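1. my questions are about this predicted structure, shown below with the sequence.
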There are 2 protein chains.
Amino acid sequence: MTRPRTVNDEDLLDRIDRALSSRRTSGTWTLQEVAPAAGISPAGLIKRFGSKADLLHALARRWIDLVPSSPTEQEPEEELRAYVSAEFEAPSAGAAIFALEELLADLRTPESNSLLREGWDKQARYLGQLLSAMRLPRLVDPPRGALLLLDALHGSLYRRGVDLRPSPPTDTLDQLMEAWT
Amino acid sequence: MTRPRTVNDEDLLDRIDRALSSRRTSGTWTLQEVAPAAGISPAGLIKRFGSKADLLHALARRWIDLVPSSPTEQEPEEELRAYVSAEFEAPSAGAAIFALEELLADLRTPESNSLLREGWDKQARYLGQLLSAMRLPRLVDPPRGALLLLDALHGSLYRRGVDLRPSPPTDTLDQLMEAWT
């Protein structure tokens, strides 16, 4: 039980996550398809994580763990901008649709739905802390503002999915910051 | 060809739309399931609209037609508030998930994706006209503000789907209007 594995679960999940994020087409994926990216056989992947649903839960759990619990850097605006870019940028309409499909699959089962709520809640708290630390005199209620920012970023992904005047997530942030300054 | 039908297509689509909107569960639906609400047999529905995909396109086209081309009432704020309530309110998490599922089905095929882009574009223009007509001194670019509002309303539906501090769409509107006033 304690013998270390050559590649740990975190590394495997990280590789799978990157393989899924770089898919250019939308549509469902299979363990067979992602296993090579993880440098492991489909059977090995099943042995390690169980079913595809279990793997999705492990990916969601890892995503939640990676949301910072509190601001880490010195400059909150810089940190906020970097986080928003890294988390909400979709390189293409296809990538946006794929992200939305993953999300919707998550909404359908109670366990995944609850993981999604937990992750967004953690993100909203983190964004709220960053907004609190910034000079935004017109933002009276940072936790409420953080939910608005999160909503707008998700909606912007949708808009990317239909190629309606797509804009980077930092544009959404800029527009809200201008209004709150 | 010119003999009038007892129930016209608009009325049928309206009934089907209301039947779908009042569903309490998420998941796919069948022509068999919605036909009774339309007061027509499944075979009659197919004869009138074709496949389920064709029916979805007819529903999308009707949705687009119903987006106002320009403000209609005297008081833009009142009109905006009423429109936002009517279009973006989800009575439950299940209803929100159902709406998102329909939306995602639309993203998947080029024809539906293009209808969705057309509808959102029309909505954004309408919202932009209403915002322009209001006294919002801090809103420099109403068309850009309309896209932000649309994004935030869509994101709020998502949030409703996971029951994360759900808030009515008018809250989203209020928060943006406070920032722009």
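-> Nice, I can see it.
2. is the lowest-mean-pLDDT helix or strand in chain A in proximity to chain B?
-> Lowest by mean pLDDT, DSSP states H and E among the helices and strands of chain A is helix A:93-108, with a mean of 76. Yes - Helix A:93-108 reaches chain B (C-beta under 8 Å from any C-beta of the partner chain) through A:Ile97, A:Leu100, A:Glu101, A:Leu103, A:Leu104, A:Leu107, A:Arg108. C-beta here means a position set from N, CA and C on the backbone, and glycine is covered the same way.
3. helices and strands around the one helix or strand A:Glu87 maps to, which ones?
-> Under the criterion of DSSP states H and E, A:Glu87 resides in helix A:76-88. Contact here means 3 or more C-beta pairs under 8 Å, 6 or more residues apart in numbering or on different chains; DSSP states H and E; on that basis helix A:76-88 packs against helix A:110-132, helix A:142-161, helix A:169-180.
4. tell me the angle it makes with helix A:93-108.
-> 90 degrees (axes from the mean of the first three to the mean of the last three C-alpha atoms, to 10 degrees).
5. any idea how far A:Glu75 is from A:Leu59?
-> As judged by C-beta to C-beta, to the nearest Å, A:Leu59 and A:Glu75 stand 30 Å apart.
6. neighbour count winner among these two?
-> A:Leu59 (19 against 12; other C-beta atoms under 10 Å in any protein chain shown).
7. now do the SS call for that one.
-> The three-state assignment at A:Leu59 reads helix, by DSSP: H, G, I helix; E, B strand; the rest coil.
8. was I right about it contacting A:Asp14?
-> No - the criterion here is C-beta atoms under 8 Å, and A:Leu59 misses it with A:Asp14 at 9.7 Å.
9. so A:Trp63 sits right up against A:Gly119, yeah?
-> Yes - counting by C-beta under 8 Å, A:Trp63 touches A:Gly119, with 5.8 Å between them.
10. look up how far A:Pro42 lies from the residue sitting nearest the centre point of chain A.
-> Centroid check for chain A by C-alpha atoms, centre = their mean gives A:Glu87 as the closest residue, at 5.2 Å. From A:Glu87 over to A:Pro42 the distance is 29 Å, taken as C-beta to C-beta.
11. and A:Arg138, by the same measure?
-> Using C-beta to C-beta, A:Arg138 is found at 53 Å from A:Pro42.
12. also A:Asp121?
-> 34 Å.
13. repeat for A:Leu55
-> 11 Å.
14. A:Leu136 in helix, strand or coil?
-> coil.
15. that one against A:Leu176, yeah?
-> No - look at A:Leu136 against A:Leu176 with C-beta under 8 Å: they stay out of range, at 9.1 Å.
16. what touches both of these two?
-> A:Gly145 (C-beta atoms under 8 Å, 6 or more residues apart in numbering or on different chains).
17. neighbour count for the two, which is higher?
-> Counting neighbours by other C-beta under 10 Å for A:Leu136 and for A:Leu176 shows that A:Leu176 has the greater number, 23 against 18.
18. give the contact list for the residue lying closest to that one once chain neighbours are set aside.
-> Once flanking residues are discounted, A:Leu176 sits nearest to A:Leu149: 5.8 Å by C-beta to C-beta, 6 or more residues apart in numbering or on different chains. A:Leu149 sits next to A:Leu127, A:Leu131, A:Thr172, A:Leu173, A:Leu176 when contact means C-beta under 8 Å, 6+ apart.
19. 10 Å instead, please
-> Listed by C-beta atoms under 10 Å, 6 or more residues apart in numbering or on different chains, the contact partners of A:Leu149 are A:80, A:84, A:88, A:123-124, A:127-128, A:130-131, A:142, A:169, A:172-173, A:176-177, A:180, B:152, B:155.
20. quick check: pLDDT value at it.
-> For A:Leu149, the pLDDT comes out at 98.
21. same deal with A:Glu73?
-> 74.
22. give me the number of residues near the nearest residue to it once chain neighbours are set aside?
-> Nearest-residue entry for A:Glu73: A:Glu79, 4.4 Å, with adjacent residues in sequence omitted and distances by C-beta to C-beta, 6+ apart. Residues lying near A:Glu79 (other C-beta under 10 Å) number 19.
23. which ones are touching A:Glu79?
-> A:Pro68, A:Pro71, A:Thr72, A:Glu73, A:Tyr126, A:Gln129, A:Leu130, A:Ala133, A:Met134.
24. let me have the residues you listed in a markdown table, extended by neighbour count.
-> Formatted as a markdown table, the contacts of A:Glu79 follow (neighbours: other C-beta atoms under 10 Å in any protein chain shown):
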| residue | neighbour count |
| --- | --- |
| A:Pro68 | 15 |
| A:Pro71 | 16 |
| A:Thr72 | 10 |
| A:Glu73 | 13 |
| A:Tyr126 | 20 |
| A:Gln129 | 19 |
| A:Leu130 | 24 |
| A:Ala133 | 16 |
| A:Met134 | 16 |
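25. got the domain ranges for chain A?
-> A:1-66, A:72-181 (automatic domain parsing).
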